[in-house]
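Asker: Okay, structure incoming, though there's no sequence with it:
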């Protein structure tokens, strides 16, 4: 199987090796055509975003205004904070130049002269690795003002690395832009969309690291070639990150639409002790979990997963065996969203904390009579009522975990505890009574 | 205690202004430089950063408090960050977390009296494929067990 994003070539992270393997030829080819032609090629290739929403990359680029006096920007999203997701760091480590080349092509296509690569702060090592690659590319005259002479073109783009500082929410595109602007990472209300009103009020496109790393290959080998790989409506390869109860956790680059069971059993080595699978979260912790007995035949691409009642997300596959305590798992997931809620919208700020409190007492076997209904009611009141998708990210795991594994949650209830829990939760902020 | 950037660091700060159209946008990288020099972000650091970037102290403070990686107190020489998120949890992170707490005698967010260790339970660090993990300052230590985690802490002097 051909690998596009992480080819198995030794020392590919070094600029000489990358160039010896045809690196920085795609940008030459791109600069010889018009930006519109590139957008058209990427559109036809069917490349969809790899950061979670699986939106058409070419279509996103085409939203950028063609005639404007304002500067245009590209943001590259390497915040990668979704639990269960650890794919972009492989690109920073093993194939950073292909990402840089993708940034050059994307910048040319949308007409950006500045590109910001936002990398999560905890990735100290990978920031250094990527910065080293970027410095080498600058020194070789492939980035910045010098690219004008190198490639004989009027176009140039500067690429800057912006280090995050430990906020999951900054992976949300508008929050990411606020963070680059030097503000608290609050998501913005949309519309206006970034293509009209992004960084410092200027037209901006935000793409995921993996998405852009695909672009040089599409330019080199053509859209027909790319569109024939993997699932028809979601073509290309995907970096599947497998973690949890598997023998060989790790990142596997495979064609989109690979069977979930193939990924778990053939590539990730199956479950330790040959245990049964109780639950799989297929796309990072905010995506709806799947039951172990419904995994047969599920293909890992956006449309198949949607049909199966989940979502591809960042393709971070978390596997849980039959002995897993899902109430504790869900409590841990809720703790994460409670911690990461930025606090702007009341339903998310308050609701994530309430869900955590309820789940914690359930995990301790102290669930009260109406707790399941209360939990679902809080989740339903967050879902769809917030500025950004963190609300859904917090509500979905709760809604779907509880509905798909209801028996497990019911077994944790203590029906003798019949407190007026609703009132208690609502009055908690002003009450000295502790619920735990 | 008054805070001033060293000459070398001040040059780094000024160089950062080239990366952004506004000075304000440099606040995150500038705070990182300050934190490296000072160990944590003190009130004096905030004052100095706000002067250099020509923004209010409140703006700087807002950024410092929003992001978890800016320390508002002096961390230990070794800042232990134990991930307990799902992928790590499934592979025994809570055993490690409890063992590390017992070993160091610290609770989440505390720093030891001798200043050697500070302890933090952190959210997913992106090491799910090599879970469970502990980050010591900037370095990731992967594929840990309770035993190797305690050995790791023993090795930090």
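Answerer: Structure received. Keep in mind that what you see is a predicted model, and the values were worked out from it rather than measured.
Asker: Quick check on the most centrally placed residue in chain B: phi, psi?
Answerer: The residue lying closest to the centre of chain B (CA atoms, centre = their mean) is residue B:69, at 4.4 Å. Main-chain dihedrals, residue B:69, degrees, to the nearest 10: phi -90, psi 0.
Asker: got a list of what it touches?
Answerer: The contact partners of residue B:69, taken as CB atoms under 8 Å, 6 or more residues apart in numbering or on different chains, are A:121-122, A:164-166. All C-beta atoms are positioned from the backbone trio N, CA, C, and that covers glycine.
Asker: how far does stretch A:243-261 sit from the chain's center?
Answerer: 16 Å (CA atoms, centre = their mean, to the nearest Å).
Asker: which of the residues in it are buried?
Answerer: A:243-246, A:249-261 (16 or more other CB atoms under 10 Å in any protein chain shown).
Asker: from these, which are also near chain B?
Answerer: A:243-245, A:249-251 (CB under 8 Å from any CB of the partner chain).
Asker: Which pair in those has the greatest spatial separation?
Answerer: A:245 and A:251 (17.0 Å; CB to CB).
Asker: Need the pLDDT of the residue nearest to the centre of chain B.
Answerer: Here the pLDDT value assigned to residue B:69 is 97.
Asker: So what's the residue count around the residue nearest to residue B:77 when sequence neighbours are not counted?
Answerer: Nearest residue to residue B:77 in three dimensions, chain neighbours excluded: residue B:116, at 5.3 Å (CB to CB, 6 or more residues apart in numbering or on different chains). Using other CB atoms under 10 Å in any protein chain shown, residue B:116 has 14 other residues around it.
Asker: and what of residue B:131?
Answerer: 26.
Asker: Contacts only, for it.
Answerer: Per CB under 8 Å, 6+ apart, neighbours of residue B:131: A:243, A:249, B:83, B:87-88, B:90-91, B:93, B:142-143.
Asker: rewinding a little: strands - which of the buried residues of stretch A:243-261 land there?
Answerer: Judged by DSSP state E, strands contain the following of these: A:243-244, A:250-255.
Asker: is stretch A:303-318 up against chain B anywhere?
Answerer: Yes - counting by CB under 8 Å from any CB, chain B has neighbours in stretch A:303-318: A:316, A:318.
Asker: which parts of that stretch are buried?
Answerer: A:303-305, A:308, A:310-318.
Asker: pLDDT of it, averaged?
Answerer: pLDDT averaged over stretch A:303-318 gives 97.
Asker: Make sure residue B:82 is indeed in a strand.
Answerer: Yes - checked against DSSP: H, G, I helix; E, B strand; the rest coil, residue B:82 lies within a strand.
Asker: Touching, residue A:318 and residue A:84? I think so.
Answerer: Yes - when contacts are counted by CB atoms under 8 Å, residue A:318 is listed as touching residue A:84 (4.5 Å).
Asker: Spit out the residues that contact these two alike.
Answerer: A:243-244, A:281, A:284-285, B:86-87, B:128.
Asker: Determine which two of the residues you listed are furthest apart.
Answerer: A:244 and A:284 (12.2 Å).
Asker: Find the residues that touch each one of the two.
Answerer: Contacts common to residue A:244 and residue A:284, judged by CB under 8 Å, 6+ apart, are A:84, A:318.
Asker: out of everything not next to it in sequence, what's closest to the residue of chain B most remote from its centre?
Answerer: Within chain B, the residue lying farthest from the chain centre (CA atoms, centre = their mean) is residue B:21, at 27.5 Å. Nearest residue to residue B:21, sequence neighbours excluded (CB to CB, 6+ apart): residue A:200, at 6.1 Å.
Asker: Remind me what the helix or strand containing residue A:76 packs against, helices and strands.
Answerer: Element membership of residue A:76, judged by DSSP states H and E, is strand A:73-78. Judged by 3 or more CB pairs under 8 Å, 6 or more residues apart in numbering or on different chains; DSSP states H and E, strand A:73-78 is in contact with helix A:96-110, strand A:114-119, helix A:173-180, strand A:204-208, helix A:209-221.
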